[in-house]
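S.K.: Mind looking at a prediction? Sequence and model below.
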Amino acid sequence: MEINKIGEVRSKYKEPVGPDEMRKSKSIIEIEAEYIDGLDQIEDYEYLQIVFYFHKSEGYDLISKRRKGPERGLFTSRSPRRPSPIGITTVELLKREGSKLHVYGLDAIDGTPVIDIKPYASFMDQPTLSLQKETPRYRINKLLKYQNRQDLLLKAGELHGHYCPYLALGVLASADVLKRFDAENDGMEDLLAVVETNSCFSDGIQYTAGTTFGNNALIYRDFGKTAVTFINRKEEDKNLRYYLKDSDFISREYPDAAKLFKKVIAERKGSKKEQEKMKELWQKIAFEIIEEDVDRYFKIEEDVDIEVPDYASIFADQHCSKCGEKLMAAKAVKKNNEVFCRDCAESCYYQLDGSGIVKVEKE
């Protein structure tokens, strides 16, 4: 068997530390001259799989206590102490400079020999397609099981469009309650979230808990509080209410971010540079929040007195006599023995927008 070194890691870590810590840092992989041609068109890939040699690893135990959790077999762990001390990590490729690959997320120390690089391809490297067809929230459930809140926040950002403190708070509360309920949500209204605000907080809840407006499991109460009550119908309507107990922590602990928010968002006066700076600070704060204990931010109440909504009704359909479009019969307006949608009937309607639930009168 022959294994060749193709490059070496340049990292600020000279000695091993926790892999979670190292994966939050940038590194450089410097490829040896004879292998540089193999990097041709590598910039086309956002993610790479780095195969490396644990050059400081000595010996191994087939059964041992892991860094987190009880004793288990070596081949069910990611320990660097292995019969063949080889590691593999998926990293983000930030840029290439000649023989140097700048990457993010590599848990290898300075001087680590790199023995191979492969492009990461989700359709080949994630053997979860059949599992996700069977359980749509398969990947989210895995993240919740291991309380990988950072990755949950990353995914919630895809829904929300940016990272911010209140998105992180929604993820934090949702991850905690599903752990306490020991529940997985299949979107069939057995898990409900009664939110009391229509802020960024609710998007963190919708993504992480899987309680959405579309599956009738997100109930909105226009109270204007950063609070949510989760209800588990499968356990006799067991519930937990999470209330943000210190809504002033941002202005107190992050005054620069609070000032920028006021100027950029509240007053809509910020420059492009100030907008980008605010997003940068918001991102930093969000990823600090997600690492904190949930009790740091929330007052958590058990079995609060709350009226549990019934399962969603299935309404018959009708057609508007004017536009001909189909609508729920319960939302129709009757005039002169004809059926109209509220738009064609020029009737008032209720709208959920940035102000909350508002009544709109047709002119």
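M.R.: The structure has been received and is ready for your questions. Numbering: from 1, shown residues only.
S.K.: pLDDT averaged over the strand of greatest length in the chain - what is it?
M.R.: In the chain, taking DSSP state E as the definition, the longest strand is strand 86-97. On average, the pLDDT along strand 86-97 is 94.
S.K.: Same check on stretch 253-261?
M.R.: On average, stretch 253-261 scores 95.
S.K.: contacts for the longest strand of the chain?
M.R.: Applying Cβ atoms under 8 Å, 6 or more residues apart in numbering, the contact partners of strand 86-97 are 23, 26-27, 39, 42-43, 45-54, 78, 80, 101-108, 115, 120, 125. Any C-beta I mention is one placed from the backbone N, CA and C, and that applies to glycine too.
S.K.: lowest-confidence helix or strand of the protein?
M.R.: helix 122-125 (a mean of 58; mean pLDDT, DSSP states H and E).
S.K.: could you point out which element follows the longest strand of the chain?
M.R.: strand 100-104 (DSSP states H and E).
S.K.: Just the buried residues of the next helix or strand after that following strand, please?
M.R.: Next helix or strand after strand 100-104 toward the C-terminus (DSSP H and E): strand 113-119. Using 16 or more other Cβ atoms under 10 Å as the burial criterion, the residues of strand 113-119 that qualify are 113-117.
S.K.: Just checking: what are the partner strands of strand 113-119?
M.R.: Neighbouring strands of strand 113-119 in its sheet, by DSSP bridges, are strand 7-10 (antiparallel), strand 47-53 (antiparallel).
S.K.: can you list contacts of that strand?
M.R.: Outside strand 113-119, the residues touching it (Cβ under 8 Å, 6+ apart) are 3-9, 29, 31, 38, 42, 45, 47-53, 55, 86, 101.
S.K.: Touching, residue 105 and residue 21? I think so.
M.R.: No: here residue 105 does not reach residue 21: they are 11.7 Å apart, not a contact under Cβ atoms under 8 Å.
S.K.: Those two: which is more packed in?
M.R.: Using other Cβ atoms under 10 Å, the more surrounded residue of residue 105 and residue 21 is residue 105, with 19 against 10.
S.K.: Nearest residue to the more buried one in space, ignoring adjacent ones along the chain?
M.R.: Nearest residue to residue 105, sequence neighbours excluded (Cβ to Cβ, 6 or more residues apart in numbering): residue 91, at 4.4 Å.
S.K.: Measure how buried that neighbour is and give me the count.
M.R.: 24.
S.K.: what do you get for residue 65?
M.R.: 11.
S.K.: Does it touch residue 71 like I think?
M.R.: Yes: Residue 65 is within contact range of residue 71, at 4.9 Å (criterion: Cβ under 8 Å).
S.K.: surely residue 62 meets residue 71?
M.R.: No: between residue 62 and residue 71 there is no contact under Cβ under 8 Å: 10.6 Å.
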